[in-house]
Every structure is written in structure tokens, then in C-alpha cells.
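Undergrad: Sequence and predicted structure below; questions after.
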Amino acid sequence: MKWNILLNPFERYSEKSLLVFGITFTLFGSAVAYLMKARFDGVFDMHLVENISFIDPFLDNILNIFTLVLLFVLFGKSINHKTRWIDILSVAIVARIPFYLLPLLNIGGVLEKSLEGLLNRMDFQDLNNPPAIEPSDLLIILLFSGVSILCLGWFIVLFWNGFKTATNAKGIKNVIFFIILLILAEVISKILISIFNS
């Protein structure tokens with residue numbers, strides 16, 4: 001039962017409760033990202049950066065959520081004309097919560113140092129010669145990669161379950177369109193974030 005709440009809270013809680021919960025975590029996740037020097041520069045991206053302003057992660061999240069809501073309200077309306085934008089908004093905000101865990105892996109700059117260590121050892125003139133990687137750096141990078149994959153999977157499951165609840169979407173055709181729109185959302189969000197960064 002507890003696992004079901006983590007994977008599909010949309011059947012149990014109202015959109016207003018989910019909205020408050022999601023907004024709270026979005027603000028918290030954005031603040032943590034600023035402290036850990038992380039950008040959410042795509043619907044399912046998180047990268048560490050050298051320079052960051054306080055507003056950057058907040059703007060990233062607003063643009064990511066806006067992109068998801070715009071595309072999936074239109075898709076939802078094509079499935080069920082009674083689809084409400086508030087339901088899709090609560091789904092988008094809650095589904096992105098797993099990504100807010102990722103910046104925590106850079107507490108004390110640990111992930112940043114490991115990535116720098118790897119890049120400094122790479123010889124880009126001779127890519128056939130693999131770099132000597134410190135075991136601790138490799139462990140941290142592998143941990144981050146594994147957690148990132150889990151968070152991406154969690155996001156997709158949450159988003160699909162919420163979208164399905166909001167629209168009554170069924171069938172393989174809707175699943176395929178859902179996946180295509182997620183990829184499109186990633187592309188559009190990256191473009192929007194790059195425009196607002198310039």
C-alpha cells in the first residue's frame with residue numbers, strides 16, 4: 001500500500017492537496033539545486049554547473065512544468081474533452097519530485113569533484129587511451145548514474161499514472177503518444193531554457 005502511494009498518489013489525494021505538496025517540493029528542490037550548483041535544464045535533466053544564480057533552478061522548473069502542462073493538456077483533451085488543466089498541472093508538479101533528490105548527491109561538492117577528476121584525467125587527443133579513474137570517483141559517478149535512472153523511471157511511472165487518472169487514457173496507442181510527447185517536451189524545454197538563459 002505504501003509503495004502504491006509513491007507510484008500513484010493521484011487516485012488517493014485531491015488535485016489541490018497534490019498541488020500544494022508538489023509546489024512545496026518544487027520550491028524546496030529549486031533551493032537545494034541552487035545550493036548544490038545544479039540546473040534542471042530539461043524535463044528530465046539535471047546538470048552541475050560552475051556558475052548559477054538563485055533564480056536559475058526556479059526558472060528551469062517553471063519552464064519544464066509549463067512545457068509538460070501545455071503538451072499534455074492538449075493531448076489529454078484529445079483523449080477526453082473533460083480533462084482539466086489543473087489535474088495535468090498537479091500531475092506534472094508531483095511527477096518531477098524525484099528529480100529534486102539528484103542535487104543532494106552533490107553535498108559538499110562530492111559529485112562535482114568526481115566529475116572534474118574524471119575529465120582532468122581524460123586525454124581528448126587520444127580517446128583510445130582510457131583514463132586511470134580513481135575507484136572513489138568511479139563509485140560516486142556510478143551511484144549518481146544509478147540514482148538518475150531510478151529517478152527517471154519513477155518520474156515516468158508517476159507521470160503516466162497521473163495522466164491516466166486525469167484523462168482515462170487507455171491502450172497502446174496512447175502509451176506510444178505519451179512517450180513521443182515526453183521526448184518532445186524534453187526538446188522544447190531545452191530550447192525554452194536556452195532562450196531564457198541568453
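TA: Right, received. Where do you want to start? Source: prediction; values computed, not measured.
Undergrad: And L18, how far from P9?
TA: Per C-beta to C-beta, to the nearest Å, L18 is found 7 Å from P9. C-betas here are computed from N, CA, C, even on glycine.
Undergrad: C-terminal to the longest helix along the chain, what's the next element?
TA: Scanning the chain for the helix with the most residues, using DSSP state H, yields helix 135-167. Sequence-wise, the next helix or strand downstream of helix 135-167 (DSSP states H and E) is helix 171-197.
Undergrad: and the angle for that following helix with helix 135-167?
TA: For helix 171-197 against helix 135-167, the angle by axes from the mean of the first three to the mean of the last three C-alpha atoms, to 10 degrees is 120 degrees.
Undergrad: ok, back up a step: can you mark which positions in the longest helix of the chain are buried?
TA: By neighbour count on 16 or more other C-beta atoms under 10 Å, the buried set for helix 135-167 is 137, 140-141, 144, 148, 151, 154-156, 158-167.
Undergrad: quick one: low-confidence parts of this protein?
TA: Judged by pLDDT under 70, the chain has its weakly predicted residues at 1-2, 119, 122-127, 130-132, 198.
Undergrad: so where does the residue sitting nearest the centre point of it fall, helix or strand?
TA: The chain has F44 as the residue nearest its centroid, 3.6 Å off, counting by C-alpha atoms, centre = their mean. Counting by DSSP H and E, no helix or strand carries F44.
Undergrad: and if you look at G22?
TA: Here G22 is assigned to helix 15-35, by DSSP H and E.
Undergrad: Report the next helix or strand after that helix in sequence order.
TA: Scanning onward from helix 15-35 (DSSP H and E), the first element met is strand 38-39.
Undergrad: Which other helices and strands does the longest helix of the chain contact?
TA: helix 2-7, helix 55-79, helix 85-95, helix 110-121, helix 171-197 (3 or more C-beta pairs under 8 Å, 6 or more residues apart in numbering; DSSP states H and E).
Undergrad: which of those helices is buried the deepest?
TA: Comparing these on average neighbours per residue, with mean count of other C-beta atoms under 10 Å, the densest one is helix 85-95 at a mean of 23.
Undergrad: So which elements touch that one?
TA: Counting by 3+ C-beta pairs under 8 Å, 6+ apart, helix 85-95 packs on helix 15-35, helix 55-79, helix 135-167.
Undergrad: Please identify which of those is closest to S90.
TA: Closest approach to S90 among these (C-beta to C-beta): helix 15-35, 4.2 Å.
Undergrad: export the closest one as CSV, just CAs?
TA: Extracted in CSV, the C-alpha atoms of helix 15-35 (Å, rounded to 0.1, in the frame of the first residue of the first chain):
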residue,chain,number,x,y,z
GLU,A,15,-5.6,17.7,-7.1
LYS,A,16,-5.5,20.6,-4.6
SER,A,17,-3.6,18.5,-2.0
LEU,A,18,-1.2,17.2,-4.7
LEU,A,19,-0.7,20.8,-6.0
VAL,A,20,0.3,22.1,-2.5
PHE,A,21,2.6,19.2,-2.0
GLY,A,22,4.1,19.5,-5.4
ILE,A,23,4.6,23.3,-5.2
THR,A,24,6.3,22.9,-1.8
PHE,A,25,8.7,20.3,-3.2
THR,A,26,9.3,22.3,-6.3
LEU,A,27,10.4,25.3,-4.2
PHE,A,28,12.5,23.1,-1.9
GLY,A,29,14.1,21.2,-4.8
SER,A,30,14.9,24.5,-6.6
ALA,A,31,16.5,26.0,-3.5
VAL,A,32,18.6,22.8,-2.9
ALA,A,33,19.6,22.8,-6.6
TYR,A,34,20.9,26.4,-6.2
LEU,A,35,22.9,25.4,-3.1
